[in-house]
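Novice: dropping a prediction and its sequence here:
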Amino acid sequence: MVQSSATVLKSRWAVEVEGNNATILRLETFLAECLLNATDTFISRLREVPVVRSQLWDKISDTDLVSQLAQSELALLQGLTKLAGGASPLNVGTVFELGDAETIIRQTRQSLNSVYVLSTTSDTPAVFHQRMNAVRHHDALAGAAIELSGQPDWIKTYKAVEYLEEYYGGEKQLFAAFPNKKAALKRIKRTSQSVRHRARAFASINRPYKLEDAENFLQVLLKDIVAGIASPVLITGPIYAIPRREYPPDQVIGLKPLILVNGEKSEVAFVGDTLTAA
């Protein structure tokens, strides 16, 4: 429940989030319960278009960079939420630049960047906020979360292990911190090396790890690590609120790419435009 005294957050940039409506609404509500700082990431609506926003991007003028930062931010959030289970796909779409009154100054369509956000979760907003704060103060843990954010991939799995080693100061230190998981971590690393270097005839190993099992193992391990450093936060209600504004019917929102027959140039059109063949 948003407090009536909450300060409404605004930002210069808003990046469209495309995908399953139920998943977007769940993430929008989830983040809204954790708005304790002016620079917190949030999802609001431009008329009916869901957009991800942050004041941290306000000083940037390059729309490509804004899109990349939005992708990275969603990947980090997804990496945290995916610790609990499955995911459904979301995409980054149109980039909007907004004025002081939430009016749209310009909008630019970027190429799609696929990320995945958990469709169901058992975490409370307080737990989510604790994890988010913890990884934001440790680049290596944030890196591990991002590597584990998408579809299972052995290269990303190996990089996730490297980030965990970086956090603890090396492979030996990671093994020392989790002696009962040392054997599994070694098998995961050796399996990933075997898969990554098959073209160079890297020696195969006995009892190789399955990719999905390796990812699940690392997600549980990362969850335990973050839980060990996360500071408890009592959330009685958000301090900040997301903006809500009604847009006039004649202000069209959203750009979609055109598929051109000649394929020689890239163009975009507003949703609902009438297109005439040249």
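Specialist: All right, it came through fine. Numbering: from 1, shown residues only.

Novice: skip the chain neighbours and tell me the closest residue to Ala160.
Specialist: Glu147 (4.0 Å; C-beta to C-beta, 6 or more residues apart in numbering). (C-beta placed from N, C-alpha, C; glycine too.)

Novice: how many residues are close by that neighbour?
Specialist: 24 (other C-beta atoms under 10 Å).

Novice: and the gap between it and Ala70?
Specialist: 18 Å (C-beta to C-beta, to the nearest Å).

Novice: start and end of stretch 32-40, how far apart?
Specialist: 10 Å (C-alpha to C-alpha, to the nearest Å).

Novice: what's in contact with that stretch?
Specialist: For stretch 32-40, contacts defined as C-beta atoms under 8 Å, 6 or more residues apart in numbering pick out 2, 6-7, 9, 31, 42-43, 54-56, 125, 128-129, 132, 233, 235, 238-242.

Novice: repeat for stretch 56-76
Specialist: By C-beta under 8 Å, 6+ apart, the list of residues contacting stretch 56-76 reads 11-13, 15, 17, 39, 41, 52, 54, 90, 92, 95, 97, 108, 110, 113, 115, 117, 135, 142, 145-146, 149-150.

Novice: enumerate the positions of that stretch that are buried.
Specialist: 57, 63, 66-76 (16 or more other C-beta atoms under 10 Å).

Novice: stretch 136-143 now?
Specialist: His138, Ala140, Leu141, Ala142, Gly143.

Novice: follow-up on the earlier one: turn the buried residues of stretch 56-76 into CSV, including secondary structure, pLDDT and distance to Ala227.
Specialist: Output for the buried residues of stretch 56-76, formatted as CSV (DSSP: H, G, I helix; E, B strand; the rest coil; pLDDT from 0 to 100; distance: C-beta to C-beta, whole Å):
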residue, secondary structure, pLDDT, distance to Ala227
Trp57, helix, 90, 30
Thr63, helix, 85, 37
Val66, helix, 85, 32
Ser67, helix, 84, 32
Gln68, helix, 78, 30
Leu69, helix, 82, 27
Ala70, helix, 87, 27
Gln71, helix, 79, 27
Ser72, helix, 77, 23
Glu73, helix, 82, 22
Leu74, helix, 79, 23
Ala75, helix, 75, 21
Leu76, helix, 77, 17
